[in-house]
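Engineer: coords please:
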Amino acid sequence: MTLPLLIILGNQIATSNWSDTSKQLVWTAATLAFFGSMRFGELLPACKNSFCPEDTFLWSDVKSLSEDSFLLHIKTPKSKAKEGEFVDIFTFENYGVCPVVALKELKSLCFSNPNSPVFMFPEGHYLTQSCMNDLINQLFTPLLGPVASHLKCHSFRSAIPSAIGKCPALAGEKETKGWGRWSSSAYLLYSRLKLDQKR
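Structural biologist: Below is the predicted model:
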């Protein structure tokens, strides 16, 4: 996933025939995953019809730090840290893909209970990783054809590290690892792009 592809995804969502709430819900999941270098499994319930409060990203896990930032509590990160991990989300202006704006808009449309999942559709079911993968494919296929099948939820986690990897002057190993919450050289798997992907 890249910034231009995220912009295209936003345009595809905006022109879909979904309800405004459904559009905002999927768009917010995409922007948070992109700018937070997050795994969708950290954000979305595993099941469409039920959720586990100990694992699921709830509205109580969203803290507003200021007008232009949020602190997200990820309760079950891959690191298995007992207290979970925290991800800062900041404004990103001028491209129409700001995660702070998206989250604020979703909250105005959906928030009802601090103990409810952030990504719950008005009908009462939840956005899952499987559903998100299907939607990504559905939205990109008309424009990209078969290439769309290569874009999955996991693509979002590598977005920022890949961008940084193309411009080493922006950040070093420590900063890249910190951005993606990596504690090992695993970040290298995310910051390398094949030649065709770079092109």
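Engineer: going forward, measure contacts between C-alpha atoms and count neighbours the same way
Structural biologist: OK.
Engineer: gap between stretch 29-49 and the chain center?
Structural biologist: With C-alpha atoms, centre = their mean, to the nearest Å as the basis, stretch 29-49 stands 5 Å off its chain's centre.
Engineer: OK, contacts around the residue most central in space within the chain?
Structural biologist: Per C-alpha atoms, centre = their mean, the C-alpha nearest to the average position across the chain is that of Ala33, at 1.5 Å. Residues in contact with Ala33 (C-alpha atoms under 8 Å, 6 or more residues apart in numbering) are 39-40, 156-157.
Engineer: how does it look with 10 Å?
Structural biologist: 27, 39-40, 42-43, 99, 153-159 (C-alpha atoms under 10 Å, 6 or more residues apart in numbering).
Engineer: and the residues you listed, which is closest to Leu65?
Structural biologist: Nearest to Leu65 out of those is Pro99 (C-alpha to C-alpha; 14.1 Å).
Engineer: shouldn't the closest one be in contact with Thr91?
Structural biologist: Yes: counting by C-alpha atoms under 10 Å, Pro99 does reach Thr91; the two are 6.5 Å apart.
Engineer: in which helix or strand does the nearest residue to Gly124 once chain neighbours are set aside reside?
Structural biologist: Spatial nearest neighbour of Gly124, chain neighbours left out: Asn49 (7.8 Å); criterion: C-alpha to C-alpha, 6 or more residues apart in numbering. Here Asn49, judged by DSSP states H and E, is contained in no helix and no strand.
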